[in-house]
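S.K.: The following block contains a protein sequence and its predicted model.
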Amino acid sequence: MGKAAREASRERLRQERQKAEVRARRTKVLAVVGAALAVVLVVVGGGYLVLSHQRAEEQEFANRYESLPEQRVQQDGSVVVAEDGARAPVVEVYADYQCPHCKQFELTSGPTLQRLAAEGEAIVHYRPVSVFAQQPAPLGANSLRGAAAARAAADYGKFVQYNDLLFENQPAEGAEGYSAEQLKEWGAEAGIDDPAFAERVDAESEVVDTFTGGYLDDLVAAAEKELSAERIQEMGLSGLIDWGQENGVDGSFLEGTYVREAIDSTSAVEDRYASGANAFGGTPAVYVNGTLLGNEAYSGNGIQEAVEQAEPGEVDTEPLTAGGSAADASPQPDASP
């Protein structure tokens, strides 16, 4: 082979190598792009599946409460759930959102109560209380924040939905929970989109911080200097707050708040069911026409049987307003002491 032929052969080989390198680079680029596209499709597809699942859960949550009758806020902040004109036994439920036994009750018997109310077989009277209000943080603070937020949800006709969310997300005893941010998120999950709800939650949370951040200690210390232990216990927390206001411990920051409502509701049930077989001894306390249930309250069948055996009862409270919004009737609290 002559020199010219060898050079021509080498040139062809060089050109073929260049073409091969170009093809290899193109193949690599396509492979990378394909892999990236596959990742994007997986992410987008996964995101779509997550979003679809989330929407399905939200719809399922909403469907759980479709058949509930109107939730009417009462003048004392409690909530009555019943069909219009229902003549049925009255089931009172006293519960504290930090109480583990209350969570157990709500998970086992709550759905039955909602069904009985929807079918007109029972008038369900939810009466949240705070039996842990005087306990050290975070127990007392969790209890009060939960009760106040549930009361705020009642202003929007979403008490039952919010009540269920609070118990489903109940913090462990001794663990800090029910933060203002969580409480606002659960409001949105329950279907409350009014910014005033979030504002109310923040305001009530500040009231709780003031209450637990020094006020309660000052109140108890002042009372112990002037009153006997028996007298302090007899007064209850509501009476003690009133005493403090008259004796130099300023509790005016509690006026008009849902925190004070929860405290007053606790004192009210302690006074109403003070002694005898129906004495209020803690939460949960479930009464059918004023008769305290025992362990049967922790069973849907037990609740059903107690209602079936009872006569129609009467609600002992009045609606907050005749036709207006509870949110309009309730002032925003001022947390400043």
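M.R.: Cool, got the structure.

S.K.: pLDDT weak spots in the stretch 51-200 of the chain?
M.R.: 51-62 (pLDDT under 70).

S.K.: switch to 50 and redo it
M.R.: Counting by pLDDT under 50, the stretch 51-200 of the chain contains low-confidence ranges at 51-59.

S.K.: ok but Glu92 is inside a strand, no?
M.R.: Yes. The assignment for Glu92 (DSSP: H, G, I helix; E, B strand; the rest coil) places it in a strand.

S.K.: Dig out what it forms beta bridges with.
M.R.: Bridge pairing for Glu92 (DSSP bridges) gives the partners His125, Tyr287.

S.K.: That one - how many residues pack around it?
M.R.: 24 (other Cβ atoms under 10 Å). Quick note: C-beta positions are derived from backbone N, CA and C, even for glycine.

S.K.: thought it was touching Val286?
M.R.: Yes. Glu92 lies in contact with Val286 (Cβ atoms under 8 Å); the separation is 7.0 Å.

S.K.: any idea which helix or strand carries Ala188?
M.R.: helix 180-189 (DSSP states H and E).

S.K.: which element follows that helix toward the C-terminus?
M.R.: Following helix 180-189 toward the C-terminus (DSSP H and E): helix 195-210.

S.K.: residues in contact with whatever helix or strand comes next after that following helix?
M.R.: Using DSSP H and E, the helix or strand that directly follows helix 195-210 along the chain is helix 216-226. Identification of contacts with helix 216-226 by Cβ atoms under 8 Å, 6 or more residues apart in numbering yields Gln134, Gly140, Ile232, Leu240, Ile241, Trp243, Gly244, Asn247, Gly248, Val249, Gly251.

S.K.: Go again with 6 Å.
M.R.: Taking contacts as Cβ atoms under 6 Å, 6 or more residues apart in numbering, the residues outside helix 216-226 that touch it are Ile232, Leu240, Gly244, Val249.

S.K.: Now render those as JSON lines, adding secondary structure, distance to Ala154 and pLDDT.
M.R.: Below are the contacts of helix 216-226 laid out as JSON lines (DSSP: H, G, I helix; E, B strand; the rest coil; distance: Cβ to Cβ, whole Å; pLDDT from 0 to 100):
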{"residue": "Ile232", "secondary structure": "helix", "distance to Ala154": "31", "pLDDT": "96"}
{"residue": "Leu240", "secondary structure": "helix", "distance to Ala154": "26", "pLDDT": "98"}
{"residue": "Gly244", "secondary structure": "helix", "distance to Ala154": "28", "pLDDT": "98"}
{"residue": "Val249", "secondary structure": "coil", "distance to Ala154": "30", "pLDDT": "98"}
